[in-house]
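Enquirer: Make a model of this:
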Amino acid sequence: MATDKALPSGGLQRAATGFKMTDRSVMRIRSVRHPMKKVRSSAVGKPGGAKANASGTAGKAPVKARVNAPARTGAKVRVKTPAPTGAPAEPQHAGPSDSAPRAATKTSKKTATPNKTSASKTSGNSDHKRATRRAAILDAALDEFSARGFEATRLDDVARRAGIAKGTIYLYFRDKETLFQELVRALLVPMIGGIEAMAAVEMPAYELAKRFVDLFVNEIYGTRRQDIVRLMIAEGRRFPKLAEFYYREVLARIMEAMRAALKRAATHGGVPEALIEFPQLIAAPGLIAIVWGGLFERFAPLDVRKMLTAHVELLFAPERAARP
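Expert: Now for the predicted structure:
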C-alpha cells in the first residue's frame with residue numbers, strides 16, 4: 001500500500017519490533033497526512049457531520065454535534081404552547097388523575113381556615129366545665145362544713161368529696177375562709193336580692209310580714225341554706241372574721257330592707273313603733289326554728305310555718321284590732 005511506504009522511520013521501527021498496528025492507529029496516521037480524508041471518514045454514517053466538520057481546521061479534534069433522535073413512528077408528542085401575553089390560557093381538560101390533587105388542595109385549604117364556630121364551642125364547653133367543677137366544690141364544702149364544722153373541715157376532705165385533687169381547689173378558692181365566703185355568696189346573696197325587691201313594693205306591713213314568712217319557709221328552712229345559718233350560730237363566735245362577713249353580706253342587708261319597708265308602711269298606720277326600731281323581731285322565730293330543727297327535731301317535730309304565722313298575728317294584733 002502507498003500509505004505503508006509513506007510511514008515515518010519511527011513507525012517502521014515499531015512495526016519491526018512487533019508493535020501491533022490497529023485500524024484506529026492507521027486512521028490517525030492517515031489523518032495527519034490527508035486531513036480531508038479524516039473529514040470524509042468522520043462524516044460517514046452521521047447525518048450533518050460533513051457540514052459540522054467542514055468549518056474546522058486541520059489538526060483539531062472533530063466537533064460532535066448532538067442531534068435529538070426523531071420520535072418513533074406512531075408515538076404521540078405532547079407540546080405545550082405558552083399562551084400569548086394578555087390572552088387567557090386555554091383550559092386543559094384534566095383526567096381523573098389530574099383532578100384528584102386539585103380536590104385535595106381545596107380540601108386542605110378549607111381545613112386550614114380557622115373555624116370561629118368550633119372555637120366558640122370549645123370556649124363555651126371550657127366555661128361550662130369550670131362552672132360545673134366550681135359548683136361541685138361548693139356542694140362538697142357545704143357537706144363537710146355541716147358535718148364537721150368550719151374548724152375541723154380540711155380542704156383534703158372537700159377535695160375528696162368533690163372527686164378532685166387537693167391542688168385543684170386552689171385554682172378556684174384561695175383558702176378555706178375564702179371557700180366559706182363564696183359559699184355564702186352563692187347560696188344566700190341571691191335570696192337576699194329577692195327580699196330587697198319584695199320590701200321595695202308598696203304594701204301594708206302585715207302583708208309584708210306574711211310574705212316574709214313564706215320566703216323564709218320556702219327559701220331558707222326548706223333548703224340547705226339553713227345549714228349555713230346553723231353553722232354561723234355555732235362557729236361565728238370563734239371566727240369573728242366570718243361573723244363580720246356574714247353580718248355585712250347577709251344580715252345587714254336584710255335588716256335595712258325590712259326597716260325601710262316598715263317605715264314606708266307606717267305612714268298608713270298599723271305598724272308598732274318597736275317593730276320599726278327592732279326589725280329583728282320578725283326574723284327571731286326563724287332562728288329559733290333552725291336551732292330547734294338541728295337539736296330537737298327528732299324528739300318534737302316543729303311546724304315552722306304555723307309558728308311563724310302565729311308570731312306575725314301576735315305582732316300586728318293590737319293595730320289590726322284598733323282599726324274600725
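Enquirer: For Arg148, which non-adjacent residue is closest in space?
Expert: Asp157 (7.4 Å; Cβ to Cβ, 6 or more residues apart in numbering). Where you see a C-beta, it was placed from the backbone N, CA and C, and this is true even at glycine.
Enquirer: how many neighbours does that neighbour have?
Expert: 17 (other Cβ atoms under 10 Å).
Enquirer: before we move on, what about Arg134?
Expert: 17.
Enquirer: still on that earlier bit, next one: the residue nearest to Arg148 relative to Val304, how far apart?
Expert: 31 Å (Cβ to Cβ, to the nearest Å).
Enquirer: cool, and Gly294?
Expert: 13 Å.
Enquirer: More neighbours: which of these two?
Expert: Remark: of Gly294 and Val304, Val304 carries more neighbours, 22 against 16, as counted by other Cβ under 10 Å.
Enquirer: give the contact list for the more buried one.
Expert: For Val304, the contact set (Cβ atoms under 8 Å, 6 or more residues apart in numbering) comprises Val217, Tyr221, Gly286, Ala289, Gly293.
Enquirer: isn't the third one right next to Glu219, touching?
Expert: No: with contacts counted by Cβ atoms under 8 Å, Gly286 stays clear of Glu219, the gap being 11.0 Å.
Enquirer: Could you name every residue contacting both of these two?
Expert: Counting by Cβ under 8 Å, 6+ apart, nothing touches both Gly286 and Glu219.
Enquirer: When those two are compared, which one has more neighbours?
Expert: Gly286 (21 against 16).
Enquirer: How about the more buried one, nearest residue that isn't a chain neighbour?
Expert: Phe216 (4.9 Å).
Enquirer: Count the neighbours of Arg298 for me.
Expert: Arg298: 7 neighbours (other Cβ under 10 Å).
Enquirer: about what we covered before: in strands, which of the contacts of Val304 fall?
Expert: Taking DSSP state E, every one of those sits outside strands.
Enquirer: Counting residues, name the longest helix you see in the chain.
Expert: helix 116-148 (DSSP state H).
Enquirer: List the buried residues in the helix or strand just after that helix.
Expert: Heading C-terminal from helix 116-148, the first helix or strand you meet, by DSSP states H and E, is helix 155-162. Neighbour-count burial for helix 155-162 flags Leu155, Asp157, Val158, Ala159, Arg161, Ala162 (criterion: 16 or more other Cβ atoms under 10 Å).
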